[in-house]
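Trainee: pasting a predicted model and its sequence here:
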Amino acid sequence: MLFNSFVFLLVFLPITLAGFYWLGNRFGQKQALIWLIVASLTFYASWRSDHLWILLGSLLFNYVAAGCIAKATRGRKWILIGALSANVGLLFYYKLLIAGFIGSSTLQSQAFSTEYNILIPLGISFITFQKIALLVDTYKGRLGPVKPLEYCLFVTFFPQLIMGPIVHYREFEPQLRGHHFLKWNPDNFSVGMTILIIGLFKKVVLADGIAPHVNAVYDLMANGEEVNYIDSWCAAIGFSFQLYFDFSGYADMAIGLARMFNINLPINFDSPYRALDRFDYWRRWHISFGAFMRQYVFFPLARAKKLKIGNVGALAITTLLSGFWHGVGETFILWGAVQSILMLALHYRDHVLEKLGLKLGRRNQTSFLLKMFATFFITVLLGVLFRSNNMYTVASMYTSMLTGIVTLMTGNFSNPTADIQLIFNRHDLIKLAVMGTIIWGLPNTQNFFARFWTAIDQRSHKPEKGIPDLLPGASKLKFSLNRVYASIVVAVILIVLTHMTQPSRFIYYQF
Amino acid sequence: MNLYLKHFLGLFLGIIFVVVGLNYLVDPYRIFHKPWVRDNYYLNNHAMRVEASGIINTENFDSIILGNSESENFSAKDASRIFGNHYVNISLSGSSMIERNFVLNYALKKRNIKQVIFQLEGLYPRIKPLAETEIGPYSFLYDQYAINDLLIYMRDIKNNSRYLLCTSILPTLSAACKNNIKNIETLVEWGSNPENQKRYGGLNKWLEAKNNLQIQNALKAISDSIHKISTHQVNAIDLAEISSDKVKYKQSIETDLLTLVQQQPSTEFYLFFPPYSRLKYAIIQQSEPQAFESYKEIVRLMVSDFGQYPNVKIFGFEGENFLNDIANYKDLTHYHPRYNQAMLKWMQTGEHQLTTSNLDAYLSAITEKSAKYPLQGFADQIDVYLGHARQLP
């Protein structure tokens, strides 16, 4: 069951909402929590019921482990290490499985297919991360006693179960207390529903709208066919946009759905293509993952006196692990390595400048724009590594893109690939332009909903302020609960419904 | 409830009410009835996997033509005249035999069918579960329950909306609507399309259309096969593998088509292997002899398995000389529509029927014709056109 399917929107969600508010008001918090847990498990089992046992087993194991860590007076560290090893081992096993290193399936080639082909337990990464955070927080004494029902919902809550955001127990559990949680709040419901609809629009209309053309180019490249250099550039940029709206759409849907149940989830996406450098980018893209890696990988490594690797070593390891998390294939490893090198280079540049007492560039609008588009350009180039299933496709794409640049610079438009029929037609180019306008011209979800925004922000460092919305007057657009916006949202949901032919899964489901 | 929610729900539910009401009047997919407003609008032939069930549910016919793109140019009117029944052509472009069997099964259960003209699959048979085929997502349209067919309105809202607008609101205003107003007789045919017509006439016509994907595939297949032959990369025939392929095909055929033949003794089945160009067969025979031998085994299997049933006739047209001239083809496999008409006549008269008595001679003849076909000549012509001679060792 996908968020962008009719069975979810017309059957599962209304029944779950109705049951939650009815049980909550008629019986109380305990019954409402049980209802939400059962609904979430049903949601999970609708993908593959046999994977439900893995989820339940992991849930029980970590509950017991957290309890032991909290109560033990001796050997707490070893219990923690044992429990963490079990969690990481499970994740590692499935990462190797998906890469074809173990088992018979080679799932790497299916990675960017948005068809139903779920062969590993969905959301295994996100579930594992949340439990690792829970175990560490328990060990560090940041948590009180873990309550069983609250813990079960924290792990299984369906809006964040499959693809995050990675939420912490200490952020989640307090929201389940008190009367506000169970009380029907029309404003919360309206805002949540509207954010959900915007997320659906991003996924169904924008991301899925460009995906077939991107896939067509990458498939041709993978099969050794020649592709027009215009197509290779369009596919590279198109994939960056597809990934942006696919992930941003999910992030919106998760926040919107949770809000309909009076729960606030962490913000996971903050206009990453407006980032001014790679560090800024990672403060805006997959924020909860970045925060998790910083808190539970980078800091422990950097502060481990025995390791003596310092910030630089910790940064290198953290970025490499991030690449590994996305996949064990050569392209992901290289993607992680390049990210690592770029961030280290930035780190050293800032370090040297600081020592010399210099500041780089002027902080005006033009320099921000140049930085922003340079960062986006690097993201597009790295996106080729991220999207390609093998190094052959990577090489073919880069060669073709380079041909495009050389053609443009020399003005010689008579090279052999120029005659090849284009896959991206005029309509697709308009789509790309519309997507670009939305990314850089309009306010993002949290700015648009500023008056009602209640999502949790896990970032210790806020991103660079960067540039404002490029469309004149767009920054002033703020959502309000009035008739005009209600009519616009009806139009948006109708557009979404007409595009929901065959629900496709989210790209990040594979991670 | 706040003002925003009231307005949202009122507007949204109001629009949904109107759309559902119009759907009830039109029933675009003909689940329960023909459209009451107008009835000659069809999505297009690419949506036949969706539309076939509605046509089977509501159109007036007693015989069907069911094939692949090679069968789409069969005129149902011609078939009705030649065979004396009321035919409809619901061929599914690009379909595998599994998909066609599935639709045929539904038609035979739903209607009293007198005759079936059915295209077989010989070269590279695609044996995979129905769920993995293109018709898989729409399989609910072909089960015994009409109520779940309503899901199509949620699956395919985009096409459905277009259909609804064209049938009920904008029947003649929009060019997009006019293009799809077709007669059921010519619903799936593509032969009259000028883009297709200009590719008939020989290799020069193909080369002029070099940007067409079908032509690119054809040219690549010729080039690849010549390369394979000249560099001695043609694999020897593996009899064990052929035998294994044959077993898989036999299981698939017996589960699907043979059961239908046995269950419907009063229905006449005209099963035929499509006459691809000799060039296509030559490429396979000369550069992939294994695949060609597998194909022959499949022909043999079909004749031995189905030949015993009095309600089945199997046809193979590869003895015909028109296969030799690619001027009769728009690519390696798609022949000119005039041969669809000829095939109907041959099937009616029994010409080119394969039986156990003529099978060996037929297979020997087609092997010889394919083996002698001058494949190199085509490669040379292509090279000349492309302006660079191929360097053969």
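Mentor: Yes, it's here.
Trainee: give me the pLDDT value at the residue in the stretch 201-350 of chain B positioned nearest to chain A.
Mentor: Chain A sits closest to B:Asn211 of the stretch 201-350 of chain B, with a gap of 4.6 Å, by C-beta to the nearest C-beta. From N, CA and C alone the C-beta is placed, and that goes for glycine too. B:Asn211 is assigned 74 on the pLDDT scale.
Trainee: just checking, it touches A:Ile423?
Mentor: No: applying C-beta atoms under 8 Å, one finds B:Asn211 not in contact with A:Ile423, separated by 12.0 Å.
Trainee: can you pick out the residue with more neighbours from these two?
Mentor: A:Ile423 (21 against 10; other C-beta atoms under 10 Å in any protein chain shown).
Trainee: confirm that the more buried one sits in a strand.
Mentor: No: under DSSP: H, G, I helix; E, B strand; the rest coil, A:Ile423 sits outside any strand and is assigned coil.
Trainee: look up how far A:Phe245 lies from it.
Mentor: Note on A:Ile423: its distance to A:Phe245, by C-beta to C-beta, to the nearest Å, is 19 Å.
Trainee: any stretches of the chain with poor pLDDT?
Mentor: Reading this off chain A. Residues of chain A meeting the criterion pLDDT under 70: A:97-120, A:328, A:359-363, A:413-420, A:466, A:501-503, A:509-511.
Trainee: try chain B instead
Mentor: Across chain B, the ranges flagged by pLDDT under 70 are B:37-41, B:43-46, B:154-160, B:167-182, B:386-393.
Trainee: now A:Lys77: closest residue in space, sequence neighbours ignored.
Mentor: The shortest distance from A:Lys77 to any non-neighbouring residue, by C-beta to C-beta, 6 or more residues apart in numbering or on different chains, is to A:Tyr139 (7.6 Å).
Trainee: the one you found reaches A:Ile81, doesn't it?
Mentor: No: using C-beta under 8 Å, A:Tyr139 is not in contact with A:Ile81; the gap is 9.8 Å.
Trainee: comparing those two, which residue is more hemmed in?
Mentor: A:Tyr139 (20 against 13).
Trainee: distance of that one relative to chain B?
Mentor: Separation of A:Tyr139 from chain B (C-beta to the nearest C-beta, to the nearest Å): 45 Å.
Trainee: show me what contacts that residue?
Mentor: A:69, A:76-77, A:80 (C-beta atoms under 8 Å, 6 or more residues apart in numbering or on different chains).
Trainee: of those, just the buried ones, ChimeraX syntax please.
Mentor: Listed next is the ChimeraX selection for buried residues among the contacts of A:Tyr139, using 16 or more other C-beta atoms under 10 Å in any protein chain shown:
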select /A:69,80
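Trainee: what helix or strand is the closest residue in space to A:Glu173 that isn't next to it in sequence on?
Mentor: Beyond its immediate neighbours in the sequence, the residue positioned closest to A:Glu173 (C-beta to C-beta, 6+ apart) is A:Glu150, lying 4.8 Å away. A:Glu150 belongs to helix A:148-156 when assigned by DSSP states H and E.
Trainee: which helices and strands sit right next to that helix?
Mentor: Identification of packing neighbours for helix A:148-156 by 3 or more C-beta pairs under 8 Å, 6 or more residues apart in numbering or on different chains; DSSP states H and E yields helix A:29-45, helix A:52-71, helix A:124-139, helix A:169-172.
Trainee: looking only at residue counts, what's the top helix in chain B?
Mentor: helix B:3-26 (DSSP state H).
Trainee: buried ones in that one?
Mentor: B:4-5, B:7-8, B:11-12, B:19, B:22-23, B:26.
Trainee: now do stretch A:312-327
Mentor: For stretch A:312-327, a neighbour-count test (16+ other C-beta under 10 Å) marks A:314-319, A:322-327 as buried.
Trainee: can I get those in TSV including secondary structure?
Mentor: Shown next, in TSV, are those (three-state DSSP):
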residue	secondary structure
A:Ala314	helix
A:Leu315	helix
A:Ala316	helix
A:Ile317	helix
A:Thr318	helix
A:Thr319	helix
A:Ser322	helix
A:Gly323	helix
A:Phe324	helix
A:Trp325	helix
A:His326	helix
A:Gly327	coil
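Trainee: what's the closest of the residues you listed to A:Val64?
Mentor: A:Trp325 (26.0 Å; C-beta to C-beta).
Trainee: I'd say the closest one and A:Tyr94 touch.
Mentor: No: between A:Trp325 and A:Tyr94 there is no contact, the gap being 11.2 Å when judged by C-beta under 8 Å.
Trainee: give me the number of residues near the closest residue to chain B within the stretch 301-450 of chain A?
Mentor: Relative to chain B, the nearest point of the stretch 301-450 of chain A is A:Gln421 (4.6 Å; C-beta to the nearest C-beta). Around A:Gln421 there are 12 other residues, counting by other C-beta under 10 Å.
Trainee: also A:Phe247?
Mentor: By the criterion of other C-beta under 10 Å, A:Phe247 has 23 neighbours.
Trainee: so which helix or strand takes in it?
Mentor: helix A:229-260.
Trainee: by contact count, what packs against the helix or strand just after that helix?
Mentor: Counting by DSSP H and E, the next helix or strand C-terminal to helix A:229-260 is helix A:278-282. Judged by 3+ C-beta pairs under 8 Å, 6+ apart, the packing partners of helix A:278-282 are helix A:330-356, helix A:365-387.
Trainee: could you dump these into TSV with distance to chain B and mean neighbour count added?
Mentor: Below are those laid out as TSV (distance: least, C-beta to the nearest C-beta, whole Å; neighbours: other C-beta atoms under 10 Å in any protein chain shown):
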stretch	distance to chain B	mean neighbour count
helix A:330-356	27	16
helix A:365-387	23	18
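Trainee: how about JSON lines for the ones you listed, with distance to A:Lys202 added?
Mentor: Putting these into JSON lines (distance: least, C-beta to C-beta, whole Å) gives the following:
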{"stretch": "helix A:330-356", "distance to A:Lys202": "24"}
{"stretch": "helix A:365-387", "distance to A:Lys202": "18"}
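Trainee: nearest to B:Ser139, out of these?
Mentor: Nearest of the helices and strands packed on helix A:278-282 to B:Ser139, taken as C-beta to C-beta: helix A:365-387 at 31.9 Å.
Trainee: number of residues surrounding A:Leu358?
Mentor: A:Leu358 has 8 neighbours, counted by other C-beta under 10 Å.
Trainee: Three-state assignment for it, please.
Mentor: coil.
Trainee: state the distance from it to B:Val312.
Mentor: 88 Å.
Trainee: repeat that for A:Ser396.
Mentor: For A:Ser396, the distance to B:Val312 - C-beta to C-beta - is 50 Å.
Trainee: let me see the contact set for residue 59.
Mentor: Because you didn't say which chain, this covers chain A. Counting by C-beta under 8 Å, 6+ apart, A:Leu59 makes contact with A:151-152, A:155-156.
Trainee: wrong one, chain B
Mentor: B:30, B:34, B:88, B:184.
Trainee: select only the buried ones of the contacts of A:Leu59 in ChimeraX?
Mentor: Buried members of the contacts of A:Leu59, identified by 16+ other C-beta under 10 Å, are gathered into one ChimeraX selection as follows:
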select /A:151,152,155,156
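Trainee: distance to A:Ser240 for the contacts of A:Leu59 - can I get that in JSON lines?
Mentor: Below are the contacts of A:Leu59 laid out as JSON lines (distance: C-beta to C-beta, whole Å):
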{"residue": "A:Tyr151", "distance to A:Ser240": "38"}
{"residue": "A:Cys152", "distance to A:Ser240": "38"}
{"residue": "A:Val155", "distance to A:Ser240": "32"}
{"residue": "A:Thr156", "distance to A:Ser240": "33"}
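Trainee: farthest pair within the contacts of A:Leu59?
Mentor: Greatest spacing in these, by C-beta to C-beta: A:Tyr151 and A:Thr156 (9.6 Å).
Trainee: wait, isn't A:Phe126 in contact with A:Pro159?
Mentor: No: A:Phe126 lies out of contact with A:Pro159 (C-beta under 8 Å); the separation is 11.6 Å.
Trainee: which residue sits closest to A:Val297, ignoring its sequence neighbours?
Mentor: The shortest distance from A:Val297 to any non-neighbouring residue, by C-beta to C-beta, 6+ apart, is to A:Thr318 (5.1 Å).
Trainee: nothing else from me, thank you.
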